[in-house]
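Participant: what's the 3D shape of this:
(one chain, ligands or ions: 2)
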Amino acid sequence: MNAQFASIQRQYSPAAQPLPVSYYEWEYRARQALPNGPFGYIAGGAGSEDTMRANSDAFLRWRIQPRLLNDVSKRDLTVTLFGQTFPVPFLLAPIGLQEIAHPDAESGSARAAAELGVPFILSTPASRSIEKVAEVMGNAPRWFQLYWGKDFDVVASMVQRAEKSGYTAIVVTIDLPVRGWRERDIRNHYYPARAGVGTANFMTDPVFRSKLKQPPEKDMDAAIALFLSIYFNPALTWNDLPLLRQYTKLPILLKGLFAPQDAEMALQYGMDGLIVSNHGGRQLDGELAALDALPKISEVVQGRIPVLMDSGIRGGDDVIKALALGASAVLLGRPYIYGLAVAGEQGVKQVLSNLITDIDLSLANTGRKSISEINRSLLVKAQ
Ligand SMILES: Cc1cc2nc3c(=O)[nH]c(=O)nc-3n(C[C@H](O)[C@H](O)[C@H](O)COP(=O)(O)O)c2cc1C
Ligand SMILES: CCCCCCC(=O)C(=O)O
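Facilitator: Ligands and ions are numbered 1, 2, ... in the order given. Purely as a prediction, here's the structure:
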């Protein structure tokens, strides 16, 4: 582990500050910190939350079989994606509306990520703008997640703002043509976007603003109505994808991909990367666990483009299992938002530094020295 992580680990060690350690403690403390509405929005999934549970259960069906006596005194956690080398094999998943968790919001998460060199993926429905987050991150690595709404002028404008502000990849999320059936939100009557939460990238967008009769500062209701009317785009198809290429030179990844046939399509359409994800079980209950979908997708792709994965990553062993099943890197979702909810930026930093240490120790205990040495031979199916 490099000295920077070691010193942050000491600075934020649970002994020095009474912050949680395990995922379950963070979740418990977040539940205490937040009202029902925001907590349910973050923690909840679609329907009866079968898929959300399946995401975690899937990791239990694989067991790690270490190979020992292999001098693991020096270890390398780096991964290289699209020519950029990152110090750890995970990125922060795009999570919108972060101000419902804590006033530090995306600025806090992005600052914590930047301090540790963990790449941060900013969401389209963020509560802090593309430019604001770029400002707090300096030169630290960041990608932009795109919800491709109904108004392509606005979509293109956001992508170009991201490119100009130093984001180095575009993640197009394709698994939200419409909102999922989220029972906790229905029960709690919780629809924060209707109150304008998560609209920072729209309210600051010159093209979006040009479509309003009055600026949002003068008529917020009309601005929110326009946002809601263009946000979801159930009509999007594969044939729309080439258009995006005309507006950016950045690598384009598709997030939310599940079927091997769709992986074939993504290759045909020249996509640069894929993220196997079921949105943390928030969209379609009954879907396969994300980890179970990963091996077939990586078999189709055969290493031609990076395949990333999220939905259910909680600890270092989960990261190792996903990498062993073909992921080039993984995305961390809810765990860091619970860190944000409990202790703002410092909570995120603690969650990240714990995970980094956990991955490092787990790697050593598998008998591997580097992420590139992780492969399928590390795993056996649990009986
Ligand atoms: C509160 C919340 C908001 C999210 N917002 C977005 C988003 O704006 N864009 C996106 O692509 N995915 C979004 N996701 C999905 C995450 O990127 C990721 O796929 C998911 O959290 C992975 O599941 P896990 O957190 O259970 O590991 C969101 C997830 C949560 C929990
Ligand atoms: C109208 C705003 C919807 C935001 C969806 C964000 C997301 O991906 C999620 O909640 O999941």
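Participant: Hmm, Tyr23 and Pro335 touching each other?
Facilitator: Yes: in this structure, Pro335 sits in contact with Tyr23. The criterion is C-beta atoms under 8 Å, and the distance is 5.6 Å. All C-beta atoms are positioned from the backbone trio N, CA, C, and that covers glycine.
Participant: Give the residues shared as contacts by those two.
Facilitator: Arg314 (C-beta atoms under 8 Å, 6 or more residues apart in numbering).
Participant: who has more neighbours, these two?
Facilitator: The residue with more neighbours, out of Pro335 and Tyr23, is Pro335; 23 against 19, by other C-beta atoms under 10 Å.
Participant: residues in contact with that one?
Facilitator: 23, 26, 313-314, 351, 355.
Participant: Please apply the same query to Gln145.
Facilitator: Gln145 is in contact with 94, 121-124, 170-173, 255, counting by C-beta under 8 Å, 6+ apart.
Participant: Pick out the residue of the stretch 51-200 of the chain closest to ligand 2.
Facilitator: Ala193 (3.6 Å; C-beta to the nearest ligand atom).
Participant: my read: that residue touches Thr199, true?
Facilitator: Yes: the pair formed by Ala193 and Thr199 meets the contact definition of C-beta under 8 Å, at 7.1 Å.
Participant: neighbours around the closest residue to Phe120 other than its chain neighbours, how many?
Facilitator: Leaving aside its sequence neighbours, Phe120 sits nearest to Ala113 (C-beta to C-beta, 6 or more residues apart in numbering; 4.1 Å). Ala113 is surrounded by 27 other residues when neighbours are defined as other C-beta under 10 Å.
Participant: mind checking pLDDT for Ala113?
Facilitator: Here the pLDDT value assigned to Ala113 is 98.
Participant: Kindly report the same for the one 10 residues further on.
Facilitator: The per-residue pLDDT reported for Ser123 equals 98.
Participant: distance of it from ligand 1?
Facilitator: As defined by C-beta to the nearest ligand atom, to the nearest Å, Ser123 lies at a distance of 3 Å from ligand 1.
Participant: which residues in the stretch 251-383 of the chain form strands?
Facilitator: Per DSSP state E, counting those that start in this stretch, the stretch 251-383 of the chain has strands spanning 252-257, 273-276, 307-309, 329-332, 379-381. These are given in chain order.
Participant: could you say which helix or strand contains the closest residue in space to Asp205 that isn't next to it in sequence?
Facilitator: For Asp205, the nearest residue in space outside its immediate sequence neighbours is Ser157; the separation is 5.5 Å by C-beta to C-beta, 6+ apart. For Ser157, the element it lies in under DSSP states H and E is helix 152-164.
Participant: What is the neighbour count of the closest residue in space to Val72 that isn't next to it in sequence?
Facilitator: The spatial neighbour of Val72 that comes closest, neighbours along the chain excluded (C-beta to C-beta, 6+ apart), is Ala364 at 4.3 Å. Burial of Ala364 is recorded as 17 neighbouring residues (other C-beta under 10 Å).
Participant: On the pLDDT front, check Ala364 for me.
Facilitator: 98.
Participant: my guess is it contacts Arg75, does it?
Facilitator: Yes: if you go by C-beta under 8 Å, Ala364 and Arg75 touch, sitting 5.9 Å apart.
Participant: hey, what's in contact with both of the two?
Facilitator: By C-beta under 8 Å, 6+ apart, Ala364 and Arg75 have no common neighbours.
Participant: Name the residues contacting each of Ala193 and Thr199.
Facilitator: If you check Ala193 and Thr199 against C-beta under 8 Å, 6+ apart, the residues they both contact are 125, 224, 227.
Participant: quick one: which of these sit in helices?
Facilitator: Among those, the members falling in helices are 224, 227 (criterion: DSSP state H).
Participant: hey, where'd the helices end up in the stretch 1-150 of the chain?
Facilitator: Per DSSP state H, counting those that start in this stretch, the stretch 1-150 of the chain has helices spanning 3-11, 23-33, 36-43, 50-60, 105-116, 130-137. These are given in chain order.
Participant: Where among those helices is average confidence lowest?
Facilitator: Mean pLDDT is lowest for helix 3-11 out of the helices of the stretch 1-150 of the chain, coming in at a mean of 47.
Participant: Close to ligand 1: what parts of the stretch 251-383 of the chain are there?
Facilitator: 255, 277, 279-280, 282, 310-313, 333-334 (C-beta under 6 Å from any ligand atom).
Participant: do the stretch 101-250 of the chain as well
Facilitator: The stretch 101-250 of the chain comes close to ligand 1 at residues 123, 125, 145, 173, as judged by C-beta under 6 Å from any ligand atom.
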